[in-house]
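Engineer: Provided below for reference: sequence and predicted model.
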Amino acid sequence: MILMGKKTKVVFSTPDGFVDTHLRATKPSKTDTIIACIKSTSLIKAQVRIENASLPLSNTALSDWLYAKCVAEGIFEPNISYCFVYLCQDFASEKVFQIYALDLAYFPAHQILIPDIFLPMGLDLTKHTQSVFLFDKNLVFYHQNELVYHSFCQNPQEINKALDYIHAIYSIAPSVIYAQDSETLELISSDVSLPILPLSALTGESENPIATLAFLYFSKSQNNALPLLFPSTPISFYQSKTFDLLVKTLCATLLMLLYPTSEFLYSIYLKHRFEALTKENLATLQTIATYSQSTAPEKNKAQDTALQDHLYALYQAQIAYLPRYNLLADLSKMLAFKDIVVEDIRLTSDIFQDVAAMSFVLSSLSQKNIINAINALQNSPHWTNAKQQIFFEAISKNQEKSSAEIIWVRNVF
């Protein structure tokens with residue numbers, strides 16, 4: 001939930017500027033809340049399936065654990081910061097988390113983003129019980145107020161297949177498709193088995209239905225747990241890609257203005273330089289024969305220096321891996337003679353930025369051995385400190401052994 005003051009207004013960002021809740025053009029102030037809609041095709045999308053017995057303990061922040069899980073499974077790069085939200089579906093034996101993430105470097109400064117496929121959640125339940133929504137080429141279906149089906153459809157045939165799948169799986173025959181733009185209506189209306197209406201039919205014929213739905217969604221999120229995409233710490237405008245593009249554009253403009261003058265000055269410089277080099281060349285040709293033998297040792301010395309530089313670079317690369325080797329050695333020493341087996345070790349790291357994530361499974365015939373090992377890892381300064389954190393799942397047990405997955409991260413958060 002976003003806490004808002006009494007004087008705070010909500011404005012919607014469009015490609016042409018900003019509009020208020022009455023869809024009138026406005027200029028946001030520093031205290032206003034700016035919301036925007038982002039296409040789901042611009043987001044990183046992934047699915048994480050977790051058995052109920054393997055969920056983290058209640059005292060562990062679920063969002064932090066999911067972030068570490070995404071890093072360990074290669075969904076997120078360990079040396080890149082992401083902003084993400086998730087939708088959770090509960091099943092009898094597992095939970096399925098749908099992950100939607102964006103690289104913070106591409107996050108617009110001082111804005112709250114709403115993925116377009118989330119917008120129907122801002123409507124009343126009765127308006128999307130038997131409805132399908134088409135945002136660009138993303139077809140979504142809601143069931144019992146949850147987004148249960150999402151498919152990328154490029155033509156009417158794929159849309160019809162998706163409708164047949166929804167009817168077969170959920171025993172619901174959708175009655176209408178709401179499409180985002182008029183071009184989609186004209187292209188597919190004659191080839192799809194359901195009537196297709198514009199999104200404006202849900203918003204009282206609004207001239208900007210996306211903005212209207214975004215305002216409804218954000219308003220509903222103040223009292224309901226609806227996902228909003230925004231960084232936990234504000235992103236400065238000077239850290240955004242927009243600022244980088246503005247700087248590059250300004251530099252290109254200056255180069256275009258300075259190019260004619262610099263070309264003229266450079267031609268004068270080349271003329272004088274050519275004359276000077278001609279004189280130097282004549283003098284050099286006269287002394288080459290005299291100094292040919294004396295310069296040979298200098299060349300050998302330069303080659304030796306280059307060889308030493310290469311050997312030093314190899315040495316630097318080797319010692320960068322030593323902390324990882326020491327960590328594995330410490331793990332082996334700590335678990336020695338404790339009847340514990342370490343399995344399925346996976347390590348993801350960036351040695352030059354000192355960022356790493358490692359997951360492994362501890363298994364033993366005794367559940368007590370696993371608990372003692374986890375306590376030892378949590379109390380070890382080599383594994384848990386200001387830069388390093390450990391996450392562990394609930395201990396699972398079968399007829400033969402007990403096991404638990406451990407996730408260790410360094411400089412990820």
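Structural biologist: The structure has been received and is ready for your questions.

Engineer: buried ones in the helix or strand containing Ala214?
Structural biologist: With elements delineated by DSSP states H and E, Ala214 resides in helix 209-221, which encompasses its position. By neighbour count on 16 or more other C-beta atoms under 10 Å, the buried set for helix 209-221 is 209-218, 221. For every residue, glycine as well, the C-beta is placed using N, CA and C.

Engineer: now stretch 167-186
Structural biologist: Along stretch 167-186, these residues count as buried under the neighbour rule (16+ other C-beta under 10 Å): 174, 177-180, 184.

Engineer: same deal with stretch 108-123?
Structural biologist: Buried positions in stretch 108-123, judged by neighbour count with 16+ other C-beta under 10 Å: 108-123.

Engineer: One more: stretch 13-33?
Structural biologist: Neighbour count says stretch 13-33 has 13, 18-21, 26, 28, 32-33 buried, by 16+ other C-beta under 10 Å.

Engineer: where does the stretch 301-413 of the chain dip in pLDDT?
Structural biologist: Across the stretch 301-413 of the chain, the stretches falling below the confidence threshold (pLDDT under 70) are 302, 315-323, 337, 351-352.

Engineer: That one: helices as residue ranges?
Structural biologist: Counting by DSSP state H, counting those that start in this stretch, the segments of the stretch 301-413 of the chain that form helices are 322-335, 367-379.

Engineer: Can you say which of those is nearest to Met256?
Structural biologist: Nearest to Met256 among these is helix 322-335 (48.6 Å), distances taken as C-beta to C-beta.

Engineer: Output the contacting helices and strands for the closest one.
Structural biologist: Packing partners of helix 322-335 (3 or more C-beta pairs under 8 Å, 6 or more residues apart in numbering; DSSP states H and E): strand 341-350, strand 355-364, helix 367-379.

Engineer: which of these is buried the deepest?
Structural biologist: Highest mean neighbour count of those: strand 355-364, a mean of 20 (counted as mean count of other C-beta atoms under 10 Å).

Engineer: Give the partner strands of that one in its sheet and their orientations.
Structural biologist: Sheet pairing for strand 355-364, assigned by DSSP bridges, gives strand 341-350 (antiparallel), strand 402-410 (antiparallel).

Engineer: between the shortest one and helix 367-379, how many degrees?
Structural biologist: Interaxial angle, strand 402-410 versus helix 367-379 (axes from the mean of the first three to the mean of the last three C-alpha atoms, to 10 degrees): 10 degrees.

Engineer: Pretty sure Asp32 sits against Val19.
Structural biologist: No: when contacts are counted by C-beta atoms under 8 Å, Asp32 is not listed as touching Val19 (11.9 Å).

Engineer: which neighbours do those two share?
Structural biologist: Shared contacts of Asp32 and Val19, defined by C-beta atoms under 8 Å, 6 or more residues apart in numbering, are found at Val11.

Engineer: one step back: got JSON lines for the buried residues of helix 209-221, with pLDDT too?
Structural biologist: Rendered in JSON lines, the data for the buried residues of helix 209-221 read as follows (pLDDT from 0 to 100):
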{"residue": "Pro209", "pLDDT": "91"}
{"residue": "Ile210", "pLDDT": "92"}
{"residue": "Ala211", "pLDDT": "93"}
{"residue": "Thr212", "pLDDT": "93"}
{"residue": "Leu213", "pLDDT": "93"}
{"residue": "Ala214", "pLDDT": "94"}
{"residue": "Phe215", "pLDDT": "94"}
{"residue": "Leu216", "pLDDT": "92"}
{"residue": "Tyr217", "pLDDT": "92"}
{"residue": "Phe218", "pLDDT": "93"}
{"residue": "Ser221", "pLDDT": "89"}
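
Engineer: returning to what we had before: out of the helices of the stretch 301-413 of the chain, which comes closest to Asp344?
Structural biologist: Comparison of the helices of the stretch 301-413 of the chain against Asp344 by C-beta to C-beta identifies helix 322-335 as nearest, at 13.5 Å.

Engineer: picking up where we left off before, make CSV from the strands paired with strand 355-364 and add distance to Ala394 to it.
Structural biologist: As requested, the strands paired with strand 355-364 are exported to CSV (distance: least, C-beta to C-beta, whole Å):
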stretch, distance to Ala394
strand 341-350, 17
strand 402-410, 7
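
Engineer: nearest to Leu62, of those strands?
Structural biologist: Closest to Leu62 of the strands paired with strand 355-364 is strand 402-410 (C-beta to C-beta; 13.4 Å).

Engineer: Now tell me what touches that closest one from outside.
Structural biologist: Residues external to strand 402-410 that are found in contact with it (C-beta under 8 Å, 6+ apart): 54, 65, 68-69, 71-72, 78, 343, 354-367, 370, 374, 377, 383, 387-397.

Engineer: what do you get for stretch 381-400?
Structural biologist: 51, 53-57, 60, 64-65, 68-69, 327, 330, 365, 367, 370-371, 374, 377-378, 402-413.

Engineer: What of stretch 119-131?
Structural biologist: Taking C-beta under 8 Å, 6+ apart as the criterion, the residues outside stretch 119-131 that touch it are 37, 133, 135, 140, 142, 145, 147, 172-178, 202, 210, 213-214, 216-221, 226.

Engineer: Repeat the analysis, applying 6 Å as the threshold.
Structural biologist: With C-beta atoms under 6 Å, 6 or more residues apart in numbering as the contact definition, stretch 119-131 has outside contacts at 133, 142, 145, 174-176, 213, 216-217, 220, 226.

Engineer: For that stretch, output the C-alpha coordinates as CSV.
Structural biologist: Taking only C-alpha atoms (Å, rounded to 0.1, in the frame of the first residue of the first chain), the coordinates of stretch 119-131 have been written out as CSV:
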residue,chain,number,x,y,z
LEU,A,119,-5.8,-3.6,-14.8
PRO,A,120,-9.0,-5.8,-14.7
MET,A,121,-8.3,-6.4,-11.0
GLY,A,122,-9.4,-2.8,-10.4
LEU,A,123,-12.9,-3.5,-11.7
ASP,A,124,-15.8,-5.0,-9.8
LEU,A,125,-15.8,-8.8,-9.8
THR,A,126,-19.1,-9.0,-11.8
LYS,A,127,-17.4,-7.1,-14.8
HIS,A,128,-14.8,-9.8,-15.5
THR,A,129,-16.3,-13.0,-14.3
GLN,A,130,-17.0,-14.3,-17.8
SER,A,131,-14.8,-11.8,-19.8
